[in-house]
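S.K.: Take this sequence and fold it.
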Amino acid sequence: MSGTLVRYDVDDAVARLTLDSPHNHNALSTALVSQLRDGLAQAAAAPGIRAVVLGHTGKTFCAGADLSEATGRDPGDLAVDRAREMAVVLRSILELPIPVVAAVDGHVRAGGMGLIGACDIAVAGPASTFALTEARIGVAPSIISLTLLPKLTARAAGRYFVTGEKFGSAEAAAIGLISIAADDVSAAVAALTDEIAKGSPQGLAASKALTTASILADFDTHADGLAVQSARLFVSDEAREGMLAFLQKRTPNWPK
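M.R.: All right, here's what the predicted structure looks like:
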């Protein structure tokens, strides 16, 4: 499906990027990722913008990669391209010289979790749920670990990376995944962006860079290796069984 998948709007000092592909749960298709990167670049180039708000339409913030684009492609090549594409968009958020605030009031899975981790501030509402279910289908949160591990507590990462449990916004705030669990996401985000807008462009850029430098260094060191790992897992027998079982709504037949 073509067209506008990421809406770009400006409200005073705030640029709003809205994931607007609810028909596939705002999946990270090539087109959506490209439009998201274009929107970030547009915000960076626009005079007077002090904050970017990343929001969504529909009941899902982002469900991860768009696997429907796999038709006719070698699965290994697709997996590598998807992992590298994910690394690029996460890096785009981290490198943006403007604070990015995630405004979430829906479900977040897979690559969507990585987007949350890349944002400087994240606000989630009562309809939000989060889960890292990769292990249940025979893969792992490889690339998105680069933005999640620096944010989550070690105990939380050790638990949720392997259990695949679903949790809400209160737990997400307690473990460091999000900044604020709010009853009114719009009001909480507006209060935050009002405060951010008081900063100077130089001050905001330099201050944000202090918080992202170590994460970006990990990208330089580990992103390529994690992309290869992601591809290897994706084309494995266990992953094929896990994905088939998921589609067939049955328990996977894992090796003993």
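S.K.: Residue 187: which element?
M.R.: Residue 187 belongs to helix 185-196 when assigned by DSSP states H and E.
S.K.: could you say what helices and strands that helix packs with?
M.R.: If you count contacts as 3 or more Cβ pairs under 8 Å, 6 or more residues apart in numbering; DSSP states H and E, helix 185-196 packs onto strand 51-56, strand 100-104, strand 121-124. The C-beta positions use only the backbone N, C-alpha and C, and glycine is treated the same way.
S.K.: which helices and strands does the longest one pack with?
M.R.: Going back to what we said before, that points to strand 51-56. Other elements packing on strand 51-56 under the criterion 3+ Cβ pairs under 8 Å, 6+ apart are strand 14-19, strand 100-104, helix 185-196.
S.K.: can you pull the buried residues of the helix or strand of the chain with the lowest mean pLDDT?
M.R.: Using mean pLDDT, DSSP states H and E, the weakest-scoring helix or strand in the chain turns out to be helix 75-95, at a mean of 85. Within helix 75-95, the residues that count as buried by 16 or more other Cβ atoms under 10 Å are 78-87, 89-94.
S.K.: Which single one of those is nearest to residue 11?
M.R.: The shortest gap between residue 11 and any of these belongs to residue 93, at 19.4 Å (Cβ to Cβ).
S.K.: okay, which residue is most central for this structure?
M.R.: Using Cα atoms, centre = their mean, the residue of the chain that lies closest to the mean C-alpha position is residue 115, 1.8 Å off.
S.K.: The nearest residue to it once chain neighbours are set aside and residue 50, how far apart?
M.R.: The spatially closest residue to residue 115, leaving aside those adjacent along the chain, is residue 62, at 5.8 Å (Cβ to Cβ, 6 or more residues apart in numbering). Distance of residue 62 to residue 50, computed by Cβ to Cβ, to the nearest Å: 24 Å.
S.K.: The two: who's more crowded?
M.R.: Higher neighbour count among residue 62 and residue 50: residue 62, with 28 against 21, using other Cβ atoms under 10 Å.
S.K.: How about the backbone phi and psi for the more buried one?
M.R.: Backbone torsions for residue 62, taken as degrees, to the nearest 10, come to phi -170, psi 130.
S.K.: same question, residue 141
M.R.: phi -80, psi 60.
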